[in-house]
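Peer 1: A predicted structure for the sequence below; I have some questions about it.
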Amino acid sequence: MGHNHAHGHQHNHPDLKGRNLLISILLNIIITVAQVIGGLVSGSLSLLSDALHNFSDVLSLIVSYIAAIYAKKEASTNKTFGYKRAEIIAAFVNSASLIVVAIILIKEAVERFFDTHPIQSNIVIWLSLLGIVANGLSVLLLKKDANTNMNMKSAYLHLLTDMLASVAVLIGGLVMKFYELYWVDALLTLCIAFYLIYVGYDLLKTSTRVLMLFTPNTIEINKIVEALHKIDTIKNVHHVHIWQLNEDEVHLEAHIDFDTDIRLSEFDAILEKIEEEVFHKFGINHVNIQPEYDKIDNKQIIVQD
């Protein structure tokens, strides 16, 4: 017998979140166009790399915006979970794109080390300042939602790293202007690329764990089983599955053997205890239990279906 028990969640304001994403998209389109033109005119690889990163920001923000819209859609008979995982998929795509962009930048930077040439540093300085201001504004717009939503965190990280990249490009522009050390342009590009890999990998790993239905890192299954065994009449807990649907929902599915042939009303009372126990101690807010009595099956905690 299954039971679904959901406690109250903290909800973001989707309309405000969507508006902030749209503003960030427009700002990044402006930055990208300006930096591409400026990079071609000035001959700066770091400025072009920043533009490429900004372009990836535009794509990632669009993906995040579409995912945020889909996540609000209602469930249906052929989509019983609705689109609750849309934002997790967006986070995975965005974090993977950060790493891909980084690899492209590393290749270009290595080639530039062996082919340095003068760069119009004034263009680099002014356009990097534009990037700092525009991305800084976008970061402030998304910061609040990034704390509670993996999709928004992926978009926030894209913008934060791009703002930091623009700071690095500004420093490089000043060095090239006053000291004519043009190899700094390639060095900065490498630094930007390695930082992209650093911030992208953690989010890629987290979103992959959710998509693969892995048990959240904060939950130990053996401790849950031990806690449930302390409830009267429960003889055995086995065939346990725990997975995270999205940021708000963690699901527990298990078979429970009872030491007596209890009535359905008694099971409902015990189920209420189980729900309260796993919610308050482990943060699990959706429970599905299959009750059993003297059933012959595999009694191991984890059973491969």
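Peer 2: That came in fine, so what should we check first?
Peer 1: so what are the domain limits for this structure?
Peer 2: Here the domain parsing of the chain from automatic domain parsing is 14-211, 221-292.
Peer 1: Now residue 175. Nearest residue, chain neighbours left out?
Peer 2: Nearest residue to residue 175 in three dimensions, chain neighbours excluded: residue 184, at 5.0 Å (CB to CB, 6 or more residues apart in numbering). To be clear about C-beta, it is placed using only N, CA and C from the backbone, and glycine gets the same treatment.
Peer 1: re the thing from before, mind giving me CSV with the domains of the chain and columns for distance to residue 298 and mean pLDDT?
Peer 2: Output for the domains of the chain, formatted as CSV (distance: least, CB to CB, whole Å; pLDDT from 0 to 100):
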stretch, distance to residue 298, mean pLDDT
domain 14-211, 26, 85
domain 221-292, 7, 95
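Peer 1: could those domains be laid out in CSV, adding distance to residue 301 and mean neighbour count?
Peer 2: CSV is the format used below for the domains of the chain (distance: least, CB to CB, whole Å; neighbours: other CB atoms under 10 Å):
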stretch, distance to residue 301, mean neighbour count
domain 14-211, 20, 19
domain 221-292, 5, 16
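Peer 1: wait, is residue 256 part of a helix?
Peer 2: No: counting by DSSP: H, G, I helix; E, B strand; the rest coil, one finds residue 256 to be strand, located in no helix.
Peer 1: That one contacts residue 237, correct?
Peer 2: Yes: in this structure, residue 256 is within contact of residue 237 by CB atoms under 8 Å, at 5.5 Å.
Peer 1: what touches both of the two?
Peer 2: Listed as contacting both residue 256 and residue 237 by CB atoms under 8 Å, 6 or more residues apart in numbering are residue 228.
Peer 1: where's the residue nearest to residue 175 relative to residue 156, distance?
Peer 2: Relative to residue 156, residue 184 is positioned 28 Å away (CB to CB, to the nearest Å).
Peer 1: cool, residue 168 as well?
Peer 2: For residue 168 relative to residue 156 (CB to CB), the value is 19 Å.
Peer 1: Ok, residue 141 next?
Peer 2: To residue 156, residue 141 is 9 Å away according to CB to CB.
Peer 1: What of residue 207?
Peer 2: 14 Å.
Peer 1: Likewise for residue 42?
Peer 2: Distance, residue 42 to residue 156, using CB to CB: 29 Å.
Peer 1: what ranges do the helices span in the chain?
Peer 2: In the chain, the segments counted as helices under DSSP state H are 14-42, 45-71, 86-113, 121-146, 150-179, 184-211, 221-229, 264-282.
Peer 1: With that, I have no additional questions.
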